[in-house]
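Undergrad: everything below, folded, please.
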Amino acid sequence: MSDEIYEGDKVEKTDAEWKQELTAEQYHVARHQGTERAFTGAYWNSKEPGNYRCACCGLNLFSSEHKYDSGTGWPSFYQPVDSRNVATAEDHELIGSTRVEVLCPRCGAHLGHVFDDGPAPTGLRYCMNSAALRLEPKQ
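TA: Next up, the predicted model:
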């Protein structure tokens, strides 16, 4: 993971504004660190080419070119489109375990987690929630 920092404009809204703009599932996942059930999200098995953007603010996060089937039931990528387009933080929500949470650096949305059991060339698995993403199909 990179030490580069996102330097663009930040998106800041009230909780009420997010709740009004997002679906109930998007709001739960992206704004309250929820997790969709495995094998249920819109993109876990998608093969459509395009870019995966933050469902909250539209920041370009991942490309379908870096997506792979991790067998976990969530959309998985081995790298973001730009290391500055994802932020990370320690997550201690699972008792007895520390995970690395992935956040949108522009709006602070919870996207999922990153693990070090991914494929080459990075060895990383960005395990994302479909509800936190919006696929922009390739034209």
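Undergrad: point to the helix or strand of the protein where mean pLDDT is at its lowest.
TA: In the chain, the helix or strand scored least confidently by mean pLDDT, DSSP states H and E is strand 87-91, which has a mean of 88.
Undergrad: tell me the strands beside that strand, with direction?
TA: The strands that strand 87-91 pairs with in its sheet are strand 99-103 (antiparallel) (by DSSP bridges).
Undergrad: returning to what we had before: what are the buried residues along the least confident helix or strand of the chain?
TA: Taking 16 or more other C-beta atoms under 10 Å as the neighbour-count basis, strand 87-91 is seen to contain the buried residues Ala87, Thr88, Asp91. To be clear about C-beta, it is placed using only N, CA and C from the backbone, and glycine gets the same treatment.
Undergrad: next structured bit after whichever helix in the chain runs longest?
TA: The single longest helix within the chain, with elements called by DSSP state H, is helix 15-21. Downstream of helix 15-21, the first helix or strand assigned by DSSP states H and E is helix 24-26.
Undergrad: quick one: contacts of that following helix?
TA: For helix 24-26, contacts defined as C-beta atoms under 8 Å, 6 or more residues apart in numbering pick out Gly34, Glu36, Ala55, Cys56, Ala131, Ala132.
Undergrad: which of these ranks first by neighbour count?
TA: Neighbours here mean other C-beta atoms under 10 Å. Within the contacts of helix 24-26, the largest count is held by Ala132, at 31 neighbours.
Undergrad: hang on, isn't that one packed against His113?
TA: No: if you go by C-beta atoms under 8 Å, Ala132 and His113 don't touch, sitting 11.3 Å apart.
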